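J.: Fold the following, please.
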Amino acid sequence: MNVYGAIKELLNYGENRRLFAPEDRIYCQNLLLDIMKLDGMEEAETDGKHDLQSILKTLLDYACQQGIIEDSITYRDLFDTKIMNCLMPRPGEVISNFKKYYKESPERATDYYYDLSRASDYIRTYRIKNDMKWLADTPYGKMDITINLSKPEKDPKAIAAAAKMKSASYPKCMLCKENEGYAGRINHPARENHRIIPITVDGKAWFLQYSPYVYYNEHCIVFSGEHHPMKIDRSAFKKLFDIVKFLPHYFVGSNADLPIVGGSILSHEHFQGGHYEFAMAKAPVEENVTFEGFGDVKAGIVKWPMTVIRLASENTDRIVDLADKILTAWRGYTDEEAFIFAETDGTPHNTITPIARKRGDEFQLDLVLRNNITTEEYPDGVYHPHPEYHHIKKENIGLIEVMGLAVLPARLKKEMEDLGNAIVKGEDIRNSEELKKHYDWAEEIKKKYSDINKYNVEDILKSEIGIVYSAILEQCGVYKRTEEGRKQLLKFISTVK
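T.: The predicted model follows:
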């Protein structure tokens, strides 16, 4: 397949996936010829058997050979987005279609938008499928485990080029609405094939989009039209329910608003949601509790490794009122015996990770109590993965992981393969720079299983990773799952007035 064949195949793909109408084909063709520096179209034989990844590879290889772009992953990603934009509908058309389908049902609207986001290659599905995913049995139900392999690492050429660039302030961050259609640069991804849907949240202009690295089904992001910091407060709870009412088949949650226990982007207010049921959502209430003046709101402690209070009612205003009281109480709460400190040296530590959903006629709000205090023993955070588990995960535990989906580093794919081989062969991994950090864990696994062989070692390691992950979440819980921890949590609940 030559460059002309690739253009023809790409046009067929775009028309078949309804990225453009048949009447737009010549227009799209001319846009492609322009960016490929071609003066005209030539006849080309095609068999229709090429997928989008191979079509784009042909065009990118040609662009590199002709000196149109440099041959590196970053430059190729910038350019293939420009290629796909040649097929894309304008934002107004996408919004109009979304509204048309929304009149049928919210599900129909999101089905259309999600399909567009994948067909346009904004979500690079051929990379996502490389992610490792499995379910692991834990004391708290089956948790999702993923090893993220779809997000490409920066290549040396791009790193060197970015170092020479002046800092830019447009767009201000990866979540700003100005990303829509943006060509990108070495230190900012291209978003020319990106389309966003305007929605109203708490009377303000917000936008809906999907995550390009979908960690679960229909992984969406809902973000403010203004670039301002994350903040968990009464209005955040109301906003979550506004979104759930607009998309009742989606859950929506927020990262906490403090470092360590917060998300990766605290500078721009946003929520994450999607059409997926996490293990935490399935977890039952193990103890009912009551809050003074809120007999009409069901409340309880959830059976979960982290500390979760679930509120439920058909009246979201009442849930918001109670959630605000709980948040206010928690922000200022100190219990030295439980090692809970509202602040130290003027630095606040207590916050909440909230998650909203609809169950039949009832709305639910899960409030996960968080604290980001650090000590000399735990400089990364007391309620954070502890050093004995850093060989599996050291990074922050954000919203997605709170709910029971582990996002683990790409390094683990090869490390687990090599570790499995070493265990089966009886090798001493203390001599391996990459594997020696797993030594204590591997020794415990060998004691636990009487027969580890090449046929079962992968499943054993996957199962044990799940057990480690649930233990990590227990470490992140501000109240331990013991009788003493239960009493300490009930003590806090009694202070909510």
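
J.: ok, residues contacting stretch 486-497?
T.: 287, 289, 291-292, 301, 307, 309, 325-326, 329-330, 333, 335, 337-338, 340, 369, 479 (C-beta atoms under 8 Å, 6 or more residues apart in numbering). (Glycine included, C-beta is placed from N, CA and C.)

J.: what stretches of the stretch 51-200 of the chain score poorly on pLDDT?
T.: Under the criterion pLDDT under 70, the flagged ranges of the stretch 51-200 of the chain are 151-167.

J.: Which parts of it are helices?
T.: Ranges of helices in the stretch 51-200 of the chain, per DSSP state H, counting those that start in this stretch, are 52-65, 73-85, 91-104, 106-119, 125-128, 156-164.

J.: and of those, who's closest to Asn187?
T.: helix 156-164 (4.2 Å; C-beta to C-beta).

J.: follow-up on the earlier one: so which of the contacts of stretch 486-497 belong to helices?
T.: Here DSSP state H is the test, and these give Lys325, Ile326, Ala329, Trp330 as lying in helices.

J.: Compare these and tell me which has the most neighbours.
T.: Greatest neighbour count in those, by other C-beta atoms under 10 Å, goes to Ile326: 25 neighbours.

J.: In space, what's closest to that one - neighbours in sequence excluded?
T.: Of all residues not flanking Ile326 in the chain, Val496 sits nearest, at 5.4 Å (C-beta to C-beta, 6 or more residues apart in numbering).

J.: cool, Gly141 as well?
T.: Ala279 (4.5 Å).

J.: Repeat that for Phe246.
T.: Nearest non-adjacent residue to Phe246 (C-beta to C-beta, 6+ apart): Ile199, at 6.0 Å.

J.: mind listing what that neighbour touches?
T.: Ile199 touches Trp206, Phe207, Leu208, Val222, Ile243, Phe246, counting by C-beta under 8 Å, 6+ apart.

J.: which residues touch the fourth one?
T.: What it means is Val222. Applying C-beta under 8 Å, 6+ apart, the residues contacting Val222 are Ile199, Val201, Trp206, Phe207, Leu208, Ile243, Val252, His270, Phe271, Gln272, Gly273.

J.: Could you pick out which of those are located in helices?
T.: Ile243.

J.: Could you check how far Gly14 is from Ala21?
T.: To Ala21, Gly14 is 10 Å away according to C-beta to C-beta, to the nearest Å.

J.: And for Tyr455?
T.: For Tyr455, the distance to Ala21 - C-beta to C-beta - is 53 Å.

J.: Among those two, which residue is more densely surrounded?
T.: Per other C-beta under 10 Å, whichever of Tyr455 and Ala21 has more neighbours is Ala21, with 12 against 9.

J.: What are the phi and psi values at Thr375?
T.: With angles defined as degrees, to the nearest 10, Thr375 sits at phi -140, psi 170.

J.: Relative to Lys393, how far out is the spatially closest residue to it that is not a sequence neighbour?
T.: For Thr375, ignoring the flanking residues on the chain, the nearest one in space by C-beta to C-beta, 6+ apart is Val382 at 5.9 Å. Applying C-beta to C-beta, the value for Val382 to Lys393 is 16 Å.

J.: Likewise for Leu311?
T.: Leu311 is 30 Å from Lys393, by C-beta to C-beta.
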